[in-house]
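S.K.: After the sequence you'll find the predicted model.
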Amino acid sequence: MNHASLLSHCVAILDSYDPNGYGVEQHLTTYINQHEELEDTDETFITEVFSGCVRHIKIMKVVIDGFYVKDGKSCLRADINLYTVLCYLSLYRLDELGMVNFRKFVKCQDVNKMHRFLAFFLDEKNLKSWIKDEWCKIYEHSYVQVQLISPILRWLPELEELVKQLGERIANKVQQKKRTKTPTEVKAFNITQVRPRSVPVPEKIPTVQKPNPVPKTTFTKPKEAKLIKEARERNRRRAEEQLLEATKDQFFCANTEKSDKTLIRLEEIRIMEDSKLQFDKSKARPLPQSVTENVPIKLNAAAILREGALYQRREDKELKKLEMLESGAKDGSEFLEWQQSMRQKDMDANLADIERRRLEGKLSHEEAILARQNLIQENRQKVLEMKEEAEQMMQEFVAKRLEEEEVLKKMVEDTIAGHQNAKEAKVRMQETKRKIAAEVSEESQELLQEAMQRAEAEMKRKMELIQQIRALESVPKDRTKMVDWTATSGQGLLSEMSIAELRERLSLLKVEEQEARENKRDEILENKEAKDRLLMEKLEQISKHRAAEGQAAALRMEEKKKTKSQKPVIKDPKVLALEEKLEQRRQERLKTTSASKMTQSRHSAGRTRSMVKEKKRLEESRWKELEQRRERQAALQSQGIATNVAGQKLTSFGRARQRSAGPIAS
């Protein structure tokens, strides 16, 4: 769509818009539906312009009202929306449209209207004075300067040129054409022309042979697969029944899992064996000897200045204090002694409170132990009751499980019957699909032949087109261009210069920059020397202060050691009463613990000793049997008839014995 039609649509949609009756989106959708001939790009442009004009109506209203008050008194009020659209395009969309498209929008309207409005709006004096002030009342000054004034001032020379052209058009003046230099004519060398390359003939598309029909055995399943599936189902049901019977009648001693104690022991043996295999372990370097002397710390410039300023403030503070004492001010030594005595009293009270809380904690601990012993007795009684309930619930669970198994067997039989019916329906469905596939294959072969014929015709047309294009490309073109380094571009600008003049000016600028760089380097060196002198003075001041602070710290440490050697004595009656109560609770706990211990009878002690002896005897017989097997294996290896399985078993037995005997010997 041309520029005049787009501008007329933008003005029409603004003329028909009523903000009190419809919303922006609803009115825009209604207008676009009424004009279905608009393309997607045109709809996008109209949508953005209409939305922008509605959004920034206050900005445009300032310009339009000022125009009708000053220069547009004789203009029609019906053209308000036309001026609004042009004002929006020049303020917000000029960077995107460019000067070429904006000039087309302006020239498609009446020349007198455009010249009068643009001459008023694009006047630099109006923009920088009252228009800017009115805009600042609506938006912030930064937004007005950056988003509105700066872009329009950047395009102002070209816009003024457009206003000048409109004025000349009204005055019927003919614009003189610029004289351009005639380009240098280049004469081609007399060279033998290259023969055009021959266009290769494309290969013909081979015809597709008629495929063989699909064999019938593709869609029929073999009988062996059906028999294997039935046998698999029978074996699965038989295995499930045997598993249920085995779970019912299994022995409790058949638990193959190892105990936690055995796993811990095996892990210890593995770690011990792995520790013996660290052959390539890197040897660590010994720790350096501790340095007791004072090591000087290297400070940077910032740390030196910061510490020097700190000591300087301290010196100023001490000098001020001495001046006040000279002028008759009092010393705070009495207040410091009173403060020290009060702090000592507070410390004694805090120590007594801490001791009291510690004794209360111990007392609560003893009472908790007594309560725990009572709770253990109650838990034992509850455990006995829970065991009886668990036995009863287990019997009920076994009976319920048998009933569920019978129900599951019936469900399995019903499911097998349903699978058989589904298989028959699946076979019938495959037959119908096979017939449909045969009909579709015949139609596809006919369509394939027609497509091959169309492809051959298209290929012939492309071959002819390729030959014509390659014949045109074979003609040589002359693209040589002569350059004059001393000539300017001839655009009529004030800053125009030739390349030779530009190089000369660049060399002069380099010389000036080198001189400025040398002056700056001398100034930096002088500042650096002054800074070094200041740092040396600060370092001397810091060393003096550090020596004085070290002596004061040594004196404070000696006084602190003397005060620490004297232990505080606590004489609080509450603390003494808590200690007596704690001793009573401890005696009660010891009596309860001694009474709860079980004394072994002679019969139980003798039985325990006999079980220990039996265990030792069984272990000795087991190790003797392992040794005999190892000897037999060695004899077989000497004869050369040992098997890999026997060797692995005997080796594992030997390693187990070494692992069990190793920690005991250690």
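M.R.: All right, it came through fine.

S.K.: The helix or strand containing residue 614: which residues count as buried?
M.R.: Following DSSP states H and E, one finds residue 614 within helix 602-639. The neighbour-count check on helix 602-639 (16 or more other CB atoms under 10 Å) flags residue 633 as buried. (Glycine included, C-beta is placed from N, CA and C.)

S.K.: Same check on stretch 541-557?
M.R.: Across stretch 541-557, burial judged by 16+ other CB under 10 Å covers 542, 545.

S.K.: Do you know the pLDDT at residue 517?
M.R.: The model reports residue 517 with a pLDDT of 92.

S.K.: moving C-terminal of the strand or helix carrying it, what's the next helix or strand?
M.R.: In this structure, residue 517 is located in helix 499-565 according to DSSP H and E. Next in sequence after helix 499-565, counting helices and strands by DSSP H and E, comes helix 573-596.

S.K.: Now do that next one: everything it contacts.
M.R.: Helix 573-596 has contacts (CB atoms under 8 Å, 6 or more residues apart in numbering) with 352, 355, 356, 359, 360, 362, 363, 366, 367, 369, 370, 373.

S.K.: neighbours of the fourth one, just the number please.
M.R.: It stands for residue 359. By the measure other CB atoms under 10 Å, the count of residues near residue 359 is 18.

S.K.: Which strand or helix spans it?
M.R.: Here residue 359 is assigned to helix 333-473, by DSSP H and E.

S.K.: other SSEs contacting that helix?
M.R.: Packing partners of helix 333-473 (3 or more CB pairs under 8 Å, 6 or more residues apart in numbering; DSSP states H and E): helix 223-249, helix 573-596.

S.K.: where among these is the average confidence lowest?
M.R.: Minimum mean pLDDT among the helices and strands packed on helix 333-473: helix 573-596, a mean of 76.

S.K.: buried sites along that helix?
M.R.: Neighbour-count burial for helix 573-596 [16+ other CB under 10 Å]: 575, 578, 582, 585, 589.

S.K.: Just want the angle from that helix to helix 333-473.
M.R.: Taking axes from the mean of the first three to the mean of the last three CA atoms, to 10 degrees, one finds that helix 573-596 is oriented at 70 degrees with respect to helix 333-473.

S.K.: Now tabulate the helices and strands packed on helix 333-473 in JSON lines and tack on distance to residue 84.
M.R.: What follows is those, written out as JSON lines (distance: least, CB to CB, whole Å):
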{"stretch": "helix 223-249", "distance to residue 84": "81"}
{"stretch": "helix 573-596", "distance to residue 84": "91"}
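
S.K.: Quick one: closest of those helices to residue 436.
M.R.: Counting by CB to CB, residue 436 lies closest to helix 223-249 out of these; the figure is 24.8 Å.

S.K.: Check the offset of the helix or strand just after the closest one from the chain's centre.
M.R.: Note on helix 223-249: by DSSP H and E, the next helix or strand toward the C-terminus is helix 260-275. The chain centroid and the centroid of helix 260-275 are separated by 43 Å under CA atoms, centre = their mean, to the nearest Å.

S.K.: helices or strands next to helix 260-275 in the packing?
M.R.: Under the contact definition 3+ CB pairs under 8 Å, 6+ apart, helix 260-275 sits against helix 644-665.

S.K.: Give me the mean pLDDT for the helix it packs on.
M.R.: The pLDDT scores in helix 644-665 average 46.

S.K.: one step back: give me the average confidence score over the helix holding residue 614.
M.R.: Per-residue scores along helix 602-639 average to 75.

S.K.: what's in contact with stretch 448-460?
M.R.: So stretch 448-460 is contacted by 202, 204, 205, 207, 208 (CB under 8 Å, 6+ apart).

S.K.: Where does pLDDT dip in the stretch 151-300 of the chain?
M.R.: Counting by pLDDT under 70, the stretch 151-300 of the chain shows low-confidence ranges at 173-180, 198-199, 201, 208, 249-257, 278-284, 286-298.

S.K.: May I have the phi/psi pair for residue 486?
M.R.: When read as degrees, to the nearest 10, the backbone of residue 486 gives phi -100, psi 0.

S.K.: Can you name the residues that contact it?
M.R.: For residue 486, the contact set (CB under 8 Å, 6+ apart) comprises 498, 499, 500.

S.K.: could you check the angle helix 223-249 makes with the helix holding residue 359?
M.R.: Between the axes of helix 333-473 and helix 223-249, defined by the same axes, to 10 degrees, the angle is 170 degrees.

S.K.: start at 612 instead
M.R.: Done: numbering now begins at 612, and the last item shifts to helix 944-1084.

S.K.: Mind checking the pLDDT average for helix 944-1084?
M.R.: 83.

S.K.: where does residue 783 land in three-state SS?
M.R.: Following DSSP: H, G, I helix; E, B strand; the rest coil, residue 783 is assigned to coil.

S.K.: Kindly provide the distance from it to residue 774.
M.R.: Distance, residue 783 to residue 774, using CB to CB, to the nearest Å: 17 Å.

S.K.: count of neighbours near residue 624?
M.R.: Residues lying near residue 624 (other CB under 10 Å) number 22.

S.K.: chain center to the helix holding residue 1128: distance?
M.R.: Here helix 1110-1176 is found 43 Å from its chain centre; the criterion is CA atoms, centre = their mean.

S.K.: which secondary structure elements does it contact?
M.R.: Short answer (3+ CB pairs under 8 Å, 6+ apart): helix 1110-1176 packs on helix 912-937.

S.K.: Can you give me the buried ones in the helix it packs on?
M.R.: 915, 918, 919, 922.

S.K.: again, but for stretch 704-717
M.R.: The neighbour-count criterion (16+ other CB under 10 Å) identifies 704, 705, 708, 713, 714, 716, 717 as the buried residues of stretch 704-717.

S.K.: Next, format the residues you listed as JSON lines and append secondary structure and pLDDT.
M.R.: Compiled in JSON lines, these are given as follows (DSSP: H, G, I helix; E, B strand; the rest coil; pLDDT from 0 to 100):
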{"residue": "704", "secondary structure": "coil", "pLDDT": "83"}
{"residue": "705", "secondary structure": "helix", "pLDDT": "83"}
{"residue": "708", "secondary structure": "helix", "pLDDT": "82"}
{"residue": "713", "secondary structure": "helix", "pLDDT": "84"}
{"residue": "714", "secondary structure": "helix", "pLDDT": "84"}
{"residue": "716", "secondary structure": "helix", "pLDDT": "85"}
{"residue": "717", "secondary structure": "helix", "pLDDT": "83"}
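
S.K.: Which of those residues sits closest to residue 1157?
M.R.: Taking those together and measuring to residue 1157 by CB to CB, the closest member is residue 705, at 69.9 Å.

S.K.: show me the contacts for that closest one.
M.R.: Residue 705 is in contact with 713, 762, 763, 766, counting by CB under 8 Å, 6+ apart.

S.K.: can you rerun that using 6 Å?
M.R.: Contacts for residue 705 (CB atoms under 6 Å, 6 or more residues apart in numbering) come out as residue 766.

S.K.: so how far is residue 619 from it?
M.R.: 20 Å.

S.K.: could you say what helices and strands the helix holding residue 1225 packs with?
M.R.: Judged by 3 or more CB pairs under 6 Å, 6 or more residues apart in numbering; DSSP states H and E, helix 1213-1250 is in contact with helix 1255-1276.

S.K.: Tell me how many other residues surround residue 668.
M.R.: Applying other CB under 10 Å, we find 14 residues neighbouring residue 668.

S.K.: cool, residue 843 as well?
M.R.: A total of 10 residues lie near residue 843 under the criterion other CB under 10 Å.
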